[in-house]
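J.: build me a structure from this.
(one chain, ligands or ions: 2)
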Amino acid sequence: MKISDAYLIVTSPGRNFVTLKIVTKSGTYGIGDATLNGREMAVVAYLEEHVVPALIGRDAGRIEDIWQYLYRGAYWRRGPVTMAAIGAVDMALWDIKAKAAGMPLYQLLGGKSRERVMTYAHCTGKDIDACLAEVDAHLKLGYRAVRVQTGVPGIATTYGVAKREGERYEPADSELPAEHVWSTEKYLNHVPALFAAVRERFGHDIHVLHDVHHRLTPIEAARLGKMVEPYHLFWLEDCVPAENQQSLKLIREHTTTPLAIGEVFNSIHDYRELIENQWIDYIRTPLTHGGGITHLRRIADLAALYHIRTGFHGPTDVSPVCLGAAVHFDTWVPNFGIQEHMPHEAITDQVFPHDYRFEDGHFLVGETPGHGVDIDEELARQYPYKRASLPVNRLEDGTLWHW
Ligand SMILES: O=C(O)C(=O)C[C@H](O)[C@H](O)CO
Ligand SMILES: [Mg+2]
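T.: Numbers count the residues shown, from 1 in each chain. Ligands and ions are numbered 1, 2, ... in the order given. Model (predicted):
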């Protein structure tokens with residue numbers, strides 16, 4: 001199983017995706033997702049210049065050794081670019097190993113822990129009524145869990161809200177960063193009413209989630225967590241930036257609202273204090289950004305010791321390759337919580353044919369050997385890369401804030 005070739009495919013069917021393909025001498029190949037939203041070409045350069053040349057001739061079966069080689073051997077450990085590059089290699093190698101074994105990936109990981117994987121949908125609206133209509137529509141599609149986000153009165157744009165009703169929310173929507181305005185005061189005055197309205201209209205049998213997108217200070221997040229306790233959220237996500245892990249301690253001491261964090265984390269060390277002190281309830285890092293299956297498995301195992309569960313990131317910038325591998329991981333991992341699901345555009349699904357299925361609010365894993373996702377390279381070539389940036393956020397007085 002010597003690696004004979006490896007190359008990058010950068011394509012934009014609906015949005016940008018970076019895919020690494022690793023080919024072995026026998027012709028068996030695997031693919032891995034290397035997409036880092038808004039910073040795609042940095043990972044491409046890292047892989048093309050520093051990783052691909054070092055992969056040629058190695059034994060594709062030595063997944064652990066290659067992981068250590070790329071991580072320790074880089075000297076410059078961690079960071080989103082490095083870990084996305086390692087994540088793509090790791091995902092492709094697990095794909096190859098599972099194909100060579102003639103097994104779907106979840107079997108190699110240890111087999112099924114569940115029959116299906118619960119997902120949550122994005123429900124957004126310019127105001128509470130529009131958001132409730134979206135919740136209604138998604139419950140009719142079979143979802144049991146909904147993430148609710150609305151516009152905030154007095155602020156022109158808000159994180160997570162689609163530009164037009166019924167459309168998907170896409171943050172990387174301009175070539176250079178769009179400038180958004182944020183007011184914590186206006187947000188905190190508004191957002192509890194959203195959860196109250198959801199519970200009043202739909203009752204208590206559905207799961208309700210919300211993403212704060214790193215915008216609060218710890219004491220503001222603690223206040224929000226306390227205020228929304230009567231609506232028992234499934235989770236409050238990324239309520240503060242978490243470079244300082246102690247921030248979560250303060251929040252935890254004030255509220256029983258469950259906390260999810262980690263979509264921008266890339267290492268077990270980003271989580272260590274949070275997990276060991278039980279300051280969080282869900283880990284969010286997707287397989288790509290966290291160094292692939294090999295590393296996420298370690299994070300999930302550590303989390304399991306502390307009753308912390310998985311809730312992997314799954315917006316549209318997580319490609320079908322990463323999502324497909326995640327559905328295998330979710331099917332196996334004992335401490336599974338939930339999987340984010342933001343459907344890709346039809347053209348994205350055509351470029352990345354896959355065998356995972358969505359049914360009744362859940363993902364069902366496929367039985368194809370490997371992770372079950374492929375890439376149509378000819379079709380991918382018809383959608384060239386377009387630079388797209390995530391927005392930045394400013395307070396009303398112009399101060400640059402967390403987006
Ligand atoms: O899906 C989520 O929870 C997000 O926060 C989406 C992120 O803003 C998006 O993936 C940034 O690339
Ligand atoms: Mg998020």
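J.: now the helices for the protein?
T.: Shown for the chain, the helices assigned by DSSP state H span residues 40-46, 52-55, 63-72, 80-101, 105-109, 128-140, 184-202, 218-227, 246-254, 268-276, 292-304, 320-332, 346-351, 377-381.
J.: run through the neighbouring helices and strands of the last one.
T.: The elements that helix 377-381 packs onto, with contact taken as 3 or more Cβ pairs under 8 Å, 6 or more residues apart in numbering; DSSP states H and E, are strand 3-11, helix 346-351. Glycine gets a C-beta too; all of them are placed from N, C-alpha and C.
J.: how far off centre is the shortest one?
T.: Chain-centre distance of helix 346-351: 19 Å, with Cα atoms, centre = their mean, to the nearest Å.
J.: next: the longest one.
T.: A distance of 23 Å separates the centroid of the chain from that of strand 3-11, by Cα atoms, centre = their mean.
J.: so which bits of it are buried?
T.: By neighbour count on 16 or more other Cβ atoms under 10 Å, the buried set for strand 3-11 is 3-4, 6, 8-11.
J.: using CSV, please lay out those together with pLDDT and distance to Phe363.
T.: Listed next are the buried residues of strand 3-11 as CSV, based on pLDDT from 0 to 100; distance: Cβ to Cβ, whole Å:
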residue, pLDDT, distance to Phe363
Ile3, 98, 30
Ser4, 98, 33
Ala6, 98, 29
Leu8, 98, 27
Ile9, 98, 24
Val10, 98, 26
Thr11, 98, 23
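J.: now render those residues as CSV, adding distance to Glu165.
T.: Shown next, in CSV, are those (distance: Cβ to Cβ, whole Å):
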residue, distance to Glu165
Ile3, 48
Ser4, 50
Ala6, 43
Leu8, 37
Ile9, 34
Val10, 32
Thr11, 29
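J.: spell out which parts of the chain neighbour ligand 1.
T.: Counting by Cβ under 6 Å from any ligand atom, the chain comes close to ligand 1 at 37, 171, 211, 213, 263, 313, 315, 317, 340, 390.
J.: now for the closest residue to the fourth one other than its chain neighbours: which residues touch it?
T.: Translated: His213. Nearest-residue entry for His213: Tyr159, 4.4 Å, with adjacent residues in sequence omitted and distances by Cβ to Cβ, 6 or more residues apart in numbering. Tyr159 sits next to 149, 171, 180, 211, 213, 215, 403 when contact means Cβ atoms under 8 Å, 6 or more residues apart in numbering.
J.: out of these, who's the most crowded?
T.: Gln149 (24 neighbours; other Cβ atoms under 10 Å).
J.: test my guess that that one contacts Asp211.
T.: Yes: Gln149 lies in contact with Asp211 (Cβ atoms under 8 Å); the separation is 6.6 Å.
J.: give the residues shared as contacts by those two.
T.: 159-160.
J.: how is this protein carved up into domains?
T.: 3-104, 108-369 (automatic domain parsing).
J.: which one of those lies nearest to Glu377?
T.: Minimum separation from Glu377 across the domains of the chain (Cβ to Cβ) falls at domain 3-104, 6.0 Å.
J.: and the closest one, end to end?
T.: Terminal residues of domain 3-104 are spaced 21 Å apart (Cα to Cα, to the nearest Å).
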